[in-house]
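Engineer: just the structure for this:
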Amino acid sequence: MLGEGGHTAEIVRLVELLGEAYAYHYLLAAEDPLSEQWIRIPGPVHRVQRPRAKQESWLSVAWHLLVSSWQSFQVVRRVRPHALLGSGPALMVPVALFAKLFGARIIHVETGSRVTRLSLTGRLMYRWADLFFVQWSDLQKKYPRAIYAGRLY
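Structural biologist: Numbers count the residues shown, from 1 in each chain. This next block holds a predicted model:
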C-alpha cells in the first residue's frame, strides 16, 4: 500500500528489504501521479480514490470515504491478499478493514515523520494491526504493543 511522498519511499524501501520472494500488489491513490514510478519490484498496480484530503469539508470526506471504501472492497475481493503492508496514508484504513475481514494479516509501519505522536491512521491501525511498527523509540514507550524497528532509511 503506497501513499504519496514519504509513505511511498518507506514502503518501497521495505519491499526491497523483503525481496522478490513474495508476490506484490500495489495499491495507490487514483490522484497520485508519481508513486508508481518508484516501484522497483514489479507487481500489479491498483488505484482507488483517496478517502480524504487535507482541508476537505466533512461532507466531502464522507462521500469520498464511501467511494474509496467501495473501491477498496472490490480490490481486496479480487486480490485476496495474505497480508497488507502500509505506512500511514488514510487510504490504508478502509483497505485494512476489508483485508482483515477476508483474513489477511495487517502490518502497519507508522511513518518516520511521526516522532512523538501517532498519526490518525496510526491510532486506528494500532487497534487492528497484527504487527505495528514504529520508527522512533519514544513512540514504542507510549504504545507498548508497538515494535520499535528503527528507521527505514
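
Engineer: give me the element the residue lying farthest from the centre of the chain is part of.
Structural biologist: Distance to the chain centre peaks in the chain at residue 59, reaching 23.6 Å (criterion: CA atoms, centre = their mean). Using DSSP states H and E, residue 59 maps to helix 58-79.

Engineer: got the CA coordinates for whatever helix or strand comes next after that helix in CSV?
Structural biologist: Going down the chain from helix 58-79, the next helix or strand is strand 83-86, by DSSP H and E. Only the C-alpha atoms of strand 83-86 are listed here, as CSV (Å, rounded to 0.1, in the frame of the first residue of the first chain):
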residue,chain,number,x,y,z
ALA,A,83,-1.0,-9.6,4.2
LEU,A,84,-1.4,-5.9,3.8
LEU,A,85,1.6,-3.7,4.4
GLY,A,86,1.3,0.1,4.7
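
Engineer: pull up the pairing partners for strand 83-86, direction included.
Structural biologist: strand 105-109 (parallel) (DSSP bridges).

Engineer: quick one: contacts of the strand it pairs with?
Structural biologist: With contact meaning CB atoms under 8 Å, 6 or more residues apart in numbering, strand 105-109 is reached by 10-11, 14, 82-88, 92, 96, 99-100, 121-122, 125-126, 128-133, 135, 149, 152. Quick note: C-beta positions are derived from backbone N, CA and C, even for glycine.

Engineer: got the contact list for the helix holding residue 59?
Structural biologist: Against helix 58-79 from outside (CB under 8 Å, 6+ apart): 25, 27, 44, 46, 48-53, 56, 91, 94-95, 97-99, 102, 104.

Engineer: redo that, cut-off 10 Å
Structural biologist: By CB atoms under 10 Å, 6 or more residues apart in numbering, the residues outside helix 58-79 that reach it are 23, 25, 27, 29-30, 44, 46-53, 56-57, 81, 84, 90-102, 104.

Engineer: perfect, I'm done here.
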